[in-house]
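>>> any chance you could fold what I've pasted below:
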Amino acid sequence: MNKTELIAKVAEKSDLTKKDAEKAVSAVIDTIVEAVAEGENVQIVGFGTFEQRTRKERSGVDPRTHEKLTIPASKVPAFKAGKGFKDIVDKK
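I've put the predicted structure just below:
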C-alpha cells in the first residue's frame, strides 16, 4: 500500500473527503518525522513506537576498491511494533 492508497482507505473508513484525509495523514506523518528528528519518541499505544537510534562508528569495505574505510556514527529512525500490532499480524 502506498500513500495514495492509504489516504483513500482513511477517507473511506472515516467518512472524510480524500482531500481532508490527505491533510490528516500528511499532518500525522509530518508530526512523527519532526518529533523523531528532534530526538523525541512517539508512542502510539497498541500500534508502536517511533524513535531515533544512534549507530556507532564502524569499519566497512568499499565493494569497488576493496579499500577499508570508516563509516561515521549516525542517527537513524526506528519503529518498534507494539504488542497489539504484533498480535494482529501473528493472528493470535
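>>> which stretches of this protein form strands?
Assigned by DSSP state E, the chain shows strands spanning 42-44, 48-55, 58-61, 68-71, 74-81.
>>> would you mark the buried spots in the first one?
Spelled out, it's strand 42-44. The neighbour-count check on strand 42-44 (16 or more other C-beta atoms under 10 Å) flags Val42 as buried. Glycine gets a C-beta too; all of them are placed from N, C-alpha and C.
>>> residues in contact with the longest helix along the chain?
Criterion DSSP state H: the longest helix present in the chain is helix 18-37. Applying C-beta atoms under 8 Å, 6 or more residues apart in numbering, the contact partners of helix 18-37 are 3, 6-8, 10-11, 14, 16, 41-42, 50-52, 77.
>>> check stretch 73-92 too.
33, 36, 44-57.
>>> how about stretch 56-68?
69-73.
>>> quickly list what the residue nearest the centre of the chain is bridged to.
Against the mean C-alpha coordinate of the chain, by C-alpha atoms, centre = their mean, the closest residue is Phe79 at 5.6 Å. Going by DSSP bridges, Phe79 is paired in beta bridges with Phe50.
>>> check Thr70 too.
The partner residues for Thr70, given DSSP bridges, come to Ser59.
>>> give me the below-cutoff pLDDT ranges for the chain.
92 (pLDDT under 70).
>>> ok, back up a step: list the buried residues for the longest helix of the chain?
Quick answer for helix 18-37 (16+ other C-beta under 10 Å): 21-22, 25, 32, 36.
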